[in-house]
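In: Build the 3D model from these lines:
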Amino acid sequence: MGFAPASLGTRVVTMADALAFIPPGMSFAAAATVPVTFVTVNYALGHLAKLAPGEHVLVHAAAGGVGLAAIQYAKNCGAVVIATAGSEVKRSFLRLAGADHVLDSRDLGFCNEVREITGGQGVDVVLNSLSGEAMERSLEVLRPFGRFLELGKRDLYLNRRIHLRPLRQNISYFAIDIDQLPTRRPDLARDLLREVSAALVEGAIRPLAHRIFPFAELDDAIRLMQSSGHIGKLVLEPRANAGVRLREPPAVTLRRDGTYLVTGGVEGFGFEAARWLVAHGAGSIALISRRGSATPGCDARVGELEAAGAEVRVYRGDVADRASLAGVLEAIRAAQAPLRGIVHAASAIDDGLASEVEIARLQAVLRPKLGGALALDALTGDDPIELFLLFSSATTLIGAPAQGAYVAANTALEALARRRRAEGQRALAVAWGPIADAGYLAERPETRDALARRLGAKPTSAAEALAGLPAMIASGLPVVAFAETNWNEARRFLPILASPLFSEARASGSTSTSDESFSDRLTGLDPDAALVLLKTVIAEEAGTILRLPASGIDPLRPLSEMGMDSLMAVELRLALENRLRVDLPLVSLAEGTSVASIAGRLATAVSTGPKEGELIALVARHEGMDELPSSTDDAQKTSAMVEPKSVAAE
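Out: Now for the predicted structure:
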């Protein structure tokens, strides 16, 4: 038994510390009612509220899993339990469960009844899951030094305002989201689970009332939970021959009597796509690249496809040059079966900061991908096309540092797919995440690792990626993304992920909050300690990017001498802005920029209040400056970025 993310499935992965042994003789279903509920209660009533013998605790919605666990915990502590529920059936059950007093949670008159029960003193602890006025009324029934434990999410998500007056008598307010405990405080989660496991083995607590549903009745279980019609826990149980209908993956069968053209198909991910086409029945393959059969390894790859039963021809041409492409298409029509499919995998890479990308460099990235797609669209209108597949990039969803041209090309590619579908033509653009074993990233592991850091995208194999194509094609959508993304890691470097558009993705994970009050910490220190803290934080982030221990970062040595390029500098800036919650001038690698000099800029941006002048003056003395830059513009004028290296997503 234990707790895990995404646990509604037949296969669950979690940390070993998040699991505990089930006592002998206890069923799996009974054990499943224990971990989350009792860990929540031990954390709330024990760790936070420190519930003591003789105290009164008000437990709202007590007929649910957490409520019933709270009754057990409170009775074991020797506390007096006042429980509420919304129906007479549930209230009757609570009396049997051991509650000392039972009230109606749907009648706001419960406040007066609580005061009457406590002789006008109020309760010591409220375990709340109600919202709105009922929540505010519950605050009012706390006695001095009371503790309010908020389990409900509605008021928090709605950012509901409450009056502070009820808190004036040393009232403590705790907002509890137990889902964050295993990821942000794994040590505490482990200790709490051990406490619960020991109590279960000793018989101090017992499994909760529960109702079992087979997986095939998942919808019924969810509807029952949404209607609050249950008591205790709902447990999903896999059963043999339960009649669960598995969705068969859609089949893709390509034509033996058709030709499928792959741009950029002589090597890399394009060749992997050609392999996939042949494996799914394509009888004739046309590969086009700028070097044609002169591409190293071409003969061996063609031989592999032919051995698999396909007729293969390689053409030399520029897919973005309409005259060149038209010639290749005419040759295909004359020598091979009718053209029935296109896979456009050609691309070019030339990344750089927007301020540095000249028109010629921008065009060099746009031409093969967007220009090629437009040419294919224009020149194949009379062919019996059944598959028009465009390879895009997941960077179109979230952006990528210093990849503006590449992102723009792929975004336009997706727009073309949507336009074709709106016109009744075939088209699918797939926004791939990084591909680890084919193409650009396979030859540049350092770039692959940098992308994993910057975008939070886990590289996948070409075979794994292409295995998803049948489902994507069957979806009928013009654009589909395929990328395994760590949203919280990506948030460190991509500010767009803080926007409302990605709120659901943010909620699926967790982020560290250890530095949320960095400005407060900084201004609370004396100037020397503040400077040490700043340099420590910068060294940690720089070390992560450079793959060096923070202790190995010399604060006075230029970062460029340690291997940091301009794209890494962008990464460092975004990491520091996210961690320290400040807007920074562009981190420069010119003029010997070091950890110490960046600390000077950070002091300007972070420090506030009466110590600001003192701190800035101290940093200036440390850095040997007459004065620090007074604004972002001033800071940028003193430096320029070095020439960027090429970094790309597949």
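In: Helices along the stretch 201-350 of the chain, start to end?
Out: Applying DSSP state H, counting those that start in this stretch to the stretch 201-350 of the chain gives helices spanning 218-226, 268-279, 298-307, 322-335.
In: gap between the longest one and the chain center?
Out: Per Cα atoms, centre = their mean, to the nearest Å, the displacement of helix 322-335 from the mean C-alpha position of its chain is 44 Å.
In: can you check the third one too?
Out: Taking the mean of its C-alpha atoms, helix 298-307 sits 40 Å from the chain's own mean (Cα atoms, centre = their mean).
In: tell me the angle of that helix relative to helix 268-279?
Out: Angle of helix 298-307 versus helix 268-279, following axes from the mean of the first three to the mean of the last three Cα atoms, to 10 degrees, is 20 degrees.
In: so what does helix 298-307 touch, helix or strand wise?
Out: helix 268-279, strand 311-316 (3 or more Cβ pairs under 8 Å, 6 or more residues apart in numbering; DSSP states H and E). No exception for glycine: its C-beta is placed from N, CA and C like everyone else's.
In: outside of the longest one, which residues touch it?
Out: Which is helix 268-279. Outside helix 268-279, the residues within contact range by Cβ atoms under 8 Å, 6 or more residues apart in numbering are 254, 260, 262-265, 285, 287, 289, 301, 304-305, 308-310, 341, 343, 345-346, 389, 391, 432, 435, 438-440, 442, 462-463, 466, 469, 650.
In: Next step: those residues restricted to strands.
Out: The strands, defined by DSSP state E, take in Tyr260, Val262, Thr263, Ile285, Leu287, Ser289, Gly341, Val343, Leu389, Phe391, Trp432 from those.
In: would TSV of the residues you listed with pLDDT, distance to Arg573 and neighbour count be doable?
Out: Output for the ones in strands among the contacts of helix 268-279, formatted as TSV (pLDDT from 0 to 100; distance: Cβ to Cβ, whole Å; neighbours: other Cβ atoms under 10 Å):
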residue	pLDDT	distance to Arg573	neighbour count
Tyr260	97	44	30
Val262	96	39	28
Thr263	95	36	31
Ile285	96	46	26
Leu287	95	42	26
Ser289	90	37	26
Gly341	95	44	24
Val343	96	38	25
Leu389	96	37	22
Phe391	92	30	26
Trp432	85	27	27
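In: Closest to Ala550 out of the residues you listed?
Out: Using Cβ to Cβ, the shortest approach to Ala550 within the ones in strands among the contacts of helix 268-279 belongs to Trp432, at 34.1 Å.
In: My read is that that closest one contacts Ala465, right?
Out: Yes: shown here, Trp432 and Ala465 form a contact pair, counting by Cβ atoms under 8 Å, at 6.1 Å.
In: And Cys298, how close does it get to Val102?
Out: 80 Å (Cβ to Cβ, to the nearest Å).
In: The two: which is more packed in?
Out: Taking other Cβ atoms under 10 Å, Cys298 and Val102 do not tie; Val102 has more neighbours (21 against 18).
In: Identify the residues contacting that one.
Out: By Cβ under 8 Å, 6+ apart, Val102 lies in contact with Ile82, Ala83, Thr84, Ala85, Arg91, Leu94, Arg95.
In: partner residues bridging it?
Out: Beta-bridge pairing of Val102 under DSSP bridges involves Ala83.
In: per-residue confidence at it?
Out: For Val102, the model assigns a pLDDT of 96.
In: ok so, going back, identify the farthest-apart pair in the ones in strands among the contacts of helix 268-279.
Out: Comparing every pair within the ones in strands among the contacts of helix 268-279 by Cβ to Cβ identifies Ile285 and Trp432 as the most remote, at 20.6 Å.
In: Now the weakest link among the helices of the stretch 201-350 of the chain, please, by mean pLDDT.
Out: Looking over the helices of the stretch 201-350 of the chain, mean pLDDT reaches its minimum on helix 218-226, with a mean of 84.
In: Return the most buried member of the helices of the stretch 201-350 of the chain.
Out: Stretch with highest mean neighbour count among the helices of the stretch 201-350 of the chain: helix 268-279 (a mean of 23; mean count of other Cβ atoms under 10 Å).
In: tell me the SS of Thr10?
Out: coil (DSSP: H, G, I helix; E, B strand; the rest coil).
In: residues touching it, list them.
Out: Going by Cβ under 8 Å, 6+ apart, Thr10 touches Phe215, Pro238.
In: Next one: it from Arg211, what distance?
Out: In this view, Thr10 and Arg211 are 20 Å apart by Cβ to Cβ.
In: Kindly report the same for Arg115.
Out: 36 Å.
In: more crowded one of the two?
Out: Legend: neighbour count by other Cβ under 10 Å for Arg115 and Arg211, higher for Arg115 (16 against 13).
In: Where does the more buried one sit, in terms of helix or strand?
Out: Using DSSP states H and E, Arg115 sits in helix 110-117.
In: Name the surrounding residues that touch that helix.
Out: The contact list for helix 110-117, computed with Cβ under 8 Å, 6+ apart, reads 56, 58, 82, 84, 101, 103-104, 121-123, 137-138, 140-141.
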